[in-house]
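**Student:** next come a sequence and a model predicted from it.
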Amino acid sequence: MDRFAECFSPLVDPRKNQAQHDLTEMLFIALLATLCGATTCCDIALFGRSKEALLRTILVLEHGIPSHDTFSRVFRILDPRSFEEVFRRFTKAFATAAKIKGVVALDGKALRRAYERGQSHMPPVMVTAWSATTRMALVNVLAPGNNEAAGALHLVELLQLKGCVVTADALHCHRGMAKAIVERGGDYVLAVKNNQPGLLRDAKAAISAAERKKAKQATTRDTGHGRKETRTAIVAPVRDMAEEHDFPGLKAVARITSKRGRDKTVERYFLLTQYYTPAELLRVVREHWGIENVLHWTLDVVLDEDQTRSRKDHAPANLAVLRRLALNIARAHPDTKTSLRGKLKRAAWDDSFLVDMLLNMR
């Protein structure tokens, strides 16, 4: 609890001075409830009442367990930017996440049911920087005005990227992103499509020239989920594209050709700050999809994020940050034989395991 209080103490309580329940204690209860599978403020309050005896061994709880209305009101008015700063501070407390290396994937995820009445066509979007090495969310931000590109750019500016390879889809392939990554000491592997026609044209020309010169290629074959997929990569160095297109750090381009069974062949092109070998490129691009397969999938299937209907004020952003923090804590627990879903179930059923997860937070 001391480490938790140390990280969360700078957070300003947005309520008036007559608030009865301590903000840090409320956030601690909410985090533990989320670790046990809670998905709403009603769930959080129910968890608090059910585990009051355990909580009183850790917390003061001068005025008892807050109601679900109190939890809801706090998350609605809590400044999400300040809460995200606390998230980053708390994440750095984990030894496994303190030194970021390897692939850092950027991607946005719509909070599909967290929209106001009449706004179902544009639900809020949460943008996350995710470490493929630690399998943890590093930074999160609610996309300003649902502008995912702006949100991702803000995330990069918050990270030290020395020794990291930032990966992102074509939405984030622009000069501002390339410049931000290079300035933070990182490398990038950015997908490029028709949104950057000049870059895509020249990338295709460089790859065609490399093929004529019989450049080295690498192939992987995967079988799973009822399908077989073959991926072939080729990388070509480029000399003048960075200056010609004013694209910072650009030193090579690449193409990955994918084919699933009898499906149509798909070609994907990438811009690189280094000349990776084709085998290295296949690994980096494959690791990028962990943000979808490991983070986003878990949020939806284990914590029902797509079904969460909290939609007022800052509640969607704050509760989304809380879910990602809970997943980080669960992943940091050394029990590698239990699935993530199993850890959350066990934490709900076994107080000693929940306490062990808390002790692992140091």
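**Tutor:** Looks like it arrived, so ask away.

**Student:** show me where this protein has its strands.
**Tutor:** With DSSP state E as the criterion, the chain has strands at 102-110, 125-131, 136-142, 164-168, 187-192, 217-224, 227-237, 252-260, 266-272.

**Student:** turn the ones you listed into TSV, including mean pLDDT and mean neighbour count.
**Tutor:** Where C-beta positions appear, they are placed from N, C-alpha and C, glycine not excepted. Below are the strands of the chain laid out as TSV (pLDDT from 0 to 100; neighbours: other Cβ atoms under 10 Å):
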stretch	mean pLDDT	mean neighbour count
strand 102-110	95	23
strand 125-131	94	24
strand 136-142	90	24
strand 164-168	96	25
strand 187-192	97	24
strand 217-224	88	12
strand 227-237	92	18
strand 252-260	94	20
strand 266-272	96	19
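
**Student:** mean confidence for stretch 17-26?
**Tutor:** Stretch 17-26 shows an average pLDDT of 87 in the prediction.

**Student:** ditto for stretch 300-307
**Tutor:** Stretch 300-307 comes out with an average pLDDT of 91.

**Student:** how about it: buried residues?
**Tutor:** Buried residues in stretch 300-307, counted by 16 or more other Cβ atoms under 10 Å: 302-303, 305-306.

**Student:** so how far is stretch 307-317 off the chain centroid?
**Tutor:** Relative to its chain's centre, stretch 307-317 lies at 18 Å (Cα atoms, centre = their mean, to the nearest Å).

**Student:** how about stretch 241-248?
**Tutor:** 29 Å.

**Student:** what of stretch 248-266?
**Tutor:** 24 Å.

**Student:** and that stretch, how far apart are its ends?
**Tutor:** 27 Å (Cα to Cα, to the nearest Å).

**Student:** same question for stretch 90-110.
**Tutor:** Distance between the boundary residues of stretch 90-110 (Cα to Cα) amounts to 24 Å.

**Student:** picking up where we left off before, which among the buried residues of stretch 300-307 gets closest to G261?
**Tutor:** Closest to G261 out of the buried residues of stretch 300-307 is D306 (28.8 Å), distances taken as Cβ to Cβ.

**Student:** identify the residues contacting the closest one.
**Tutor:** By Cβ atoms under 8 Å, 6 or more residues apart in numbering, D306 lies in contact with 111-113, 299-300.

**Student:** for it, give its distance to N146.
**Tutor:** 17 Å (Cβ to Cβ, to the nearest Å).

**Student:** look up which residues are beta-bridged to the closest residue to T133 other than its chain neighbours.
**Tutor:** Of all residues not flanking T133 in the chain, G102 sits nearest, at 4.0 Å (Cβ to Cβ, 6 or more residues apart in numbering). Beta-bridge pairing for G102 (DSSP bridges): C164.

**Student:** right, and G102 touches V166 too?
**Tutor:** No. Judged on Cβ atoms under 8 Å, G102 makes no contact with V166 at a distance of 10.6 Å.

**Student:** residues of the lengthiest helix in the chain that come out buried?
**Tutor:** What stands out as the longest helix in the chain, according to DSSP state H, is helix 315-332. Residues 315-332 are the ones in helix 315-332 that count as buried (16+ other Cβ under 10 Å).

**Student:** got a list of what the spatially most central residue of the chain touches?
**Tutor:** In the chain, the residue lying closest to the centroid (Cα atoms, centre = their mean) is T128, at 3.4 Å. When contacts are counted by Cβ under 8 Å, 6+ apart, T128 is found next to 106-109, 137-140, 155, 291, 295, 324.

**Student:** now do 6 Å
**Tutor:** Contacts for T128 were tallied using Cβ atoms under 6 Å, 6 or more residues apart in numbering; they are 137, 140.

**Student:** same check, this time on the one 3 residues further on
**Tutor:** Residues counted as contacts of S131 (Cβ under 6 Å, 6+ apart) are 100, 104, 138.

**Student:** tell me how far the second one lies from P144.
**Tutor:** To tie it back to what came earlier, the one meant is V104. 21 Å.

**Student:** again with the first one
**Tutor:** For I100, the distance to P144 equals 24 Å [Cβ to Cβ].

**Student:** more neighbours, those two?
**Tutor:** Between I100 and P144, I100 has the larger neighbour count (other Cβ atoms under 10 Å), namely 21 against 12.

**Student:** thanks a lot, catch you later.
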